[in-house]
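K.L.:
Give the three-dimensional model of this entry:
(one chain, ligands or ions: 2)
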Amino acid sequence: MDGLPLNLREHIEKILASRRDGFALPGAFFSDDALYEAELEYIFARHWIFLATGAEIPEGGDYRTYQIGHYPIFLLRRDDGAIVGFHNTCRHRGSRILQQASGIAGATLMCPYHRWTYDLDGHVVGCGGTGEIARSQPPLKAVHVRQIEGLVFVCLADEPPADIEEMRRRITPYLAPHAVTNTKVAKQDDIIEHGNWKLTIENNRECFHCAGHPELLNSLFEFLGEPDVNTMSDKERAEHRRFLAARDTSQALWHQFGLPFELIEELHGRATGFRTERLVLDGTGESMTPNTRAASRRLLGQFTDARLGTLHLHVQPNAWFHFLADHVLTFSTLPLGRDRTLVRTTWLVHADAQEGVDYDLANLTSVWDATNRQDAEFVAETQRGVLSPAYLPGPIGDTEFMVNRFHSWYEERLRAALPP
Ligand code: FES
Ligand SMILES: [Fe+2]
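P.N.:
Ligands and ions are numbered 1, 2, ... in the order given. As a prediction, this is how the structure comes out:
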């Protein structure tokens with residue numbers, strides 16, 4: 001896509017210019033094929049994309065395959081424990097080499113088409129000809145992989161954004177106590193949402209719609225940021241007072257356990273936009289379960305008390321997370337088409353926690369199972385609505401400020417990446 005024709009670039013600039021700050025995106029952002037192609041190349045192939053946690057490929061030789069836009073890739077854990085990534089396209093005639101969603105590699109990888117083989121560094125070691133011919137072939141093209149406390153990010157660009165290092169440094173003290181590197185996958189669920197990926201992210205970046213999540217609201221307070229109490233109804237004000245009291249209790253505990261909780265919000269104005277903050281939870285304050293109690297008896301890391309609320313993390317453009325005392329939730333979204341988006345949810349528990357002994361899987365997963373399905377419905381209905389010629393973008397409210405910040409990031413990054 002480096003050689004985007006001039007008229008195509010102008011076309012994209014025109015769509016970007018149709019966006020008004022503080023308003024929902026115009027319909028073309030969800031319907032235009034050229035814009036979608038530009039997003040795959042300039043957003044998804046140029047930025048750090050959250051794909052997995054190390055717990056998903058726990059042993060040497062474990063691999064998983066992914067599709068980021070037009071790029072099939074795979075992640076592989078080598079025997080030395082390092083996680084490496086390669087483009088999954090054969091150096092012979094281009095077939096995908098690893099064709100299952102996941103598996104275990106032997107000492108070499110073999111393309112099933114004509115049986116070219118590769119070592120785990122991506123070098124061709126067999127191609128049906130002489131060793132000399134194999135050695136003269138270029139190796140598999142590597143993908144940049146960066147791990148932050150067990151979270152695996154990849155970047156397909158030759159020169160990935162360097163600011164991930166600064167994000168790593170700043171979020172590590174928040175994440176480290178949850179010991180994600182010592183977890184295992186309790187469940188993973190893929191949902192295909194029938195909407196554009198930006199609708200999926202917009203929907204995640206606000207809780208204005210959270211009345212549609214009765215299960216989630218058992219544990220999650222709807223307040224994000226510093227809401228204006230003057231504009232609240234009496235009922236909302238009473239709820240807000242309850243929230244402030246819970247926050248005082250939680251902050252005392254966070255201080256006691258030395259857990260950082262202050263908001264860091266840099267959702268735009270940088271390549272790797274992110275936001276993290278420890279949030280108060282309602283009820284017992286322990287977890288995102290139907291009764292708000294910890295789902296797993298085996299707490300993460302060195303935690304001795306489950307009443308820690310949730311550490312949330314957003315990373316542009318495709319991920320969000322909840323780190324609780326007893327489990328971790330990761331969400332990775334990938335565009336499958338202009339109006340189809342994969343949302344992969346993973347529930348992680350302590351590596352030693354036993355299902356049926358330390359936790360009940362249905363109790364662990366029911367809240368976000370329900371929430372995801374409700375969100376998929378919101379996204380699908382919005383996709384259908386924004387495609388209407390009668391659609392007019394409305395104003396984004398104060399409680400939806402993160403939607404606007406996502407739009408700002410998106411526009412900044414597309415403009416920065418489009419060829420001059
Ligand atoms: S395409 Fe892989 S061996 Fe021919
Ligand atoms: Fe939602």
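K.L.:
so what pLDDT did residue 236 get?
P.N.:
Residue 236 carries a pLDDT value of 84.
K.L.:
helix, strand or coil for it?
P.N.:
Per DSSP: H, G, I helix; E, B strand; the rest coil, the local secondary structure of residue 236 is helix.
K.L.:
distance of it from residue 243?
P.N.:
Using Cβ to Cβ, to the nearest Å, residue 236 is found at 10 Å from residue 243. From N, CA and C alone the C-beta is placed, and that goes for glycine too.
K.L.:
Same question for residue 90.
P.N.:
Taken as Cβ to Cβ, the span from residue 90 to residue 243 is 55 Å.
K.L.:
residue ranges of the strands in the stretch 101-250 of the chain, please?
P.N.:
Listed in chain order, the strands of the stretch 101-250 of the chain (DSSP state E, counting those that start in this stretch) span 102-104, 108-110, 117-119, 124-126, 142-148, 151-155, 183-193.
K.L.:
need these in a markdown table with mean pLDDT, distance to ligand 1 and mean neighbour count, can you?
P.N.:
Listed next are the strands of the stretch 101-250 of the chain as a markdown table, based on pLDDT from 0 to 100; distance: least, Cβ to the nearest ligand atom, whole Å; neighbours: other Cβ atoms under 10 Å:
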| stretch | mean pLDDT | distance to ligand 1 | mean neighbour count |
| --- | --- | --- | --- |
| strand 102-104 | 98 | 17 | 13 |
| strand 108-110 | 96 | 8 | 17 |
| strand 117-119 | 96 | 9 | 19 |
| strand 124-126 | 95 | 10 | 18 |
| strand 142-148 | 98 | 18 | 18 |
| strand 151-155 | 98 | 22 | 23 |
| strand 183-193 | 98 | 27 | 17 |
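K.L.:
can you tell me which of the ones you listed comes nearest to residue 26?
P.N.:
For residue 26, the closest of these is strand 183-193, at 20.5 Å, according to Cβ to Cβ.
K.L.:
quick check, distance from the closest one to the centre of its chain.
P.N.:
On the basis of Cα atoms, centre = their mean, to the nearest Å, strand 183-193 sits 12 Å off its chain's mean C-alpha point.
K.L.:
With just CA atoms, put that strand into CSV.
P.N.:
Extracted in CSV, the C-alpha atoms of strand 183-193 (Å, rounded to 0.1, in the frame of the first residue of the first chain):
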residue,chain,number,x,y,z
THR,A,183,-1.4,-17.8,34.9
LYS,A,184,-3.1,-20.3,32.7
VAL,A,185,-6.0,-20.0,30.3
ALA,A,186,-9.3,-21.0,32.0
LYS,A,187,-11.3,-20.2,28.9
GLN,A,188,-11.0,-18.5,25.6
ASP,A,189,-14.0,-17.4,23.5
ASP,A,190,-14.1,-15.9,20.0
ILE,A,191,-17.1,-13.9,18.9
ILE,A,192,-17.5,-12.5,15.4
GLU,A,193,-19.3,-9.1,15.8
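K.L.:
and it, what other elements does it pack with?
P.N.:
strand 327-337, strand 340-350, helix 361-386 (3 or more Cβ pairs under 8 Å, 6 or more residues apart in numbering; DSSP states H and E).
K.L.:
what lines up beside that strand in the sheet?
P.N.:
Using DSSP bridges, strand 183-193 pairs in its sheet with strand 340-350 (antiparallel).
K.L.:
Just the mean pLDDT for the partner strand, thanks.
P.N.:
Here the average pLDDT along strand 340-350 is 98.
K.L.:
would TSV of the helices and strands packed on strand 183-193 with mean neighbour count and distance to ligand 1 be doable?
P.N.:
Output for the helices and strands packed on strand 183-193, formatted as TSV (neighbours: other Cβ atoms under 10 Å; distance: least, Cβ to the nearest ligand atom, whole Å):
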stretch	mean neighbour count	distance to ligand 1
strand 327-337	21	24
strand 340-350	21	26
helix 361-386	18	37
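K.L.:
returning to what we had before: so which of the strands of the stretch 101-250 of the chain gets nearest residue 300?
P.N.:
Of all those, strand 183-193 comes closest under Cβ to Cβ, at 6.9 Å.
K.L.:
Show me the contact partners of that closest one.
P.N.:
53, 55-56, 58, 150, 199-200, 300, 327-328, 336, 340-351, 353, 355, 359, 361, 364-365, 369, 372-373, 375-376, 379-380 (Cβ atoms under 8 Å, 6 or more residues apart in numbering).
K.L.:
Mind doing that once more with 6 Å?
P.N.:
Strand 183-193 has contacts (Cβ atoms under 6 Å, 6 or more residues apart in numbering) with 55-56, 200, 340-349, 351, 364-365, 372, 376, 379.
K.L.:
Stretch 209-216 too?
P.N.:
217, 222, 367, 370, 371, 374.
K.L.:
hmm, what's the outermost residue in this structure?
P.N.:
residue 130 (44.1 Å; Cα atoms, centre = their mean).
K.L.:
in the protein, which spans are helices?
P.N.:
6-17, 28-31, 33-39, 131-135, 164-175, 197-204, 234-256, 361-386, 401-417 (DSSP state H).
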